[in-house]
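**Q** can't give you the sequence, but here's the structure:
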């Protein structure tokens, strides 16, 4: 019987129980441009631009709204509802299945999200395309969201800003 194995090691393990001793993985992000590791707070302070090489990292609508609107305060505008598959399109998979996958993956209804808030003290309507939703492609719902954003901006007498991140139009919707 070994005293270290039978007595010391179990005591040390019991003292260290509950401590992982590992650094969380989300504290550092690797820049795809230069390969340098960037501390997450430094990246947030630089608005998701690499301080070493100037590479702009991809950000989603919620983060874009928080960065753009004064104090990160905004009101999300409702998404328009449209026909899901007007052409009954099918290639390797049904188009409705592709939409369901994109919606479950991103939590969005479509590629464009709308928000209203203050920008430098003035009201503004902002639309953001999310590249994670089918490459930010424009379908009927995304087009209707842009039109709704424009109509809201006209009603409120304020500017409309669109942050585009599109891979083009969806062939499945014609």
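**A** Here it is on my side, so go on. All values reported here derive from a predicted model rather than from experimental measurement.
**Q** Break down the chain into its strands, ranges please.
**A** Assigned by DSSP state E, the strands in the chain fall at 28-30, 37-39, 74-76, 112-119, 122-129, 160-163.
**Q** now what about the second one, what contacts it?
**A** For strand 37-39, the external contacting residues (C-beta atoms under 8 Å, 6 or more residues apart in numbering) are 27-31, 50-52. All C-beta atoms are positioned from the backbone trio N, CA, C, and that covers glycine.
**Q** Helices along this structure, start to end?
**A** Ranges of helices in the chain, per DSSP state H, are 3, 9-16, 40-45, 61-68, 95-106, 140-156.
**Q** Would you mind telling me which of the ones you listed is nearest residue 165?
**A** helix 61-68 (9.3 Å; C-beta to C-beta).
**Q** mean confidence score for the closest one?
**A** Average pLDDT, helix 61-68: 91.
**Q** Could I get the buried residue list for it?
**A** Neighbour-count burial for helix 61-68 flags 61-62, 64-65, 68 (criterion: 16 or more other C-beta atoms under 10 Å).
**Q** between it and helix 95-106, how big is the angle?
**A** Counting by axes from the mean of the first three to the mean of the last three C-alpha atoms, to 10 degrees, helix 61-68 lies at 50 degrees to helix 95-106.
**Q** Touching helix 61-68 from outside, list them.
**A** With C-beta under 8 Å, 6+ apart as the test, helix 61-68 has contacts from 47-48, 59, 72, 74, 108, 113, 115, 117, 119, 126, 128, 130, 161, 163.
**Q** State the distance from the most centrally placed residue in the chain to residue 106.
**A** Centrality entry for the chain: nearest residue to the mean C-alpha point is residue 60, 2.2 Å, by C-alpha atoms, centre = their mean. Look at residue 60 and residue 106: by C-beta to C-beta, to the nearest Å, they are 8 Å apart.
**Q** do the same with residue 41
**A** In terms of C-beta to C-beta, residue 41 sits 26 Å off from residue 106.
**Q** Pick out whichever of those two has more residues nearby.
**A** A count of neighbours by other C-beta atoms under 10 Å puts residue 106 above the other of residue 41 and residue 106, at 18 against 9.
**Q** And the pLDDT at that one?
**A** 82.
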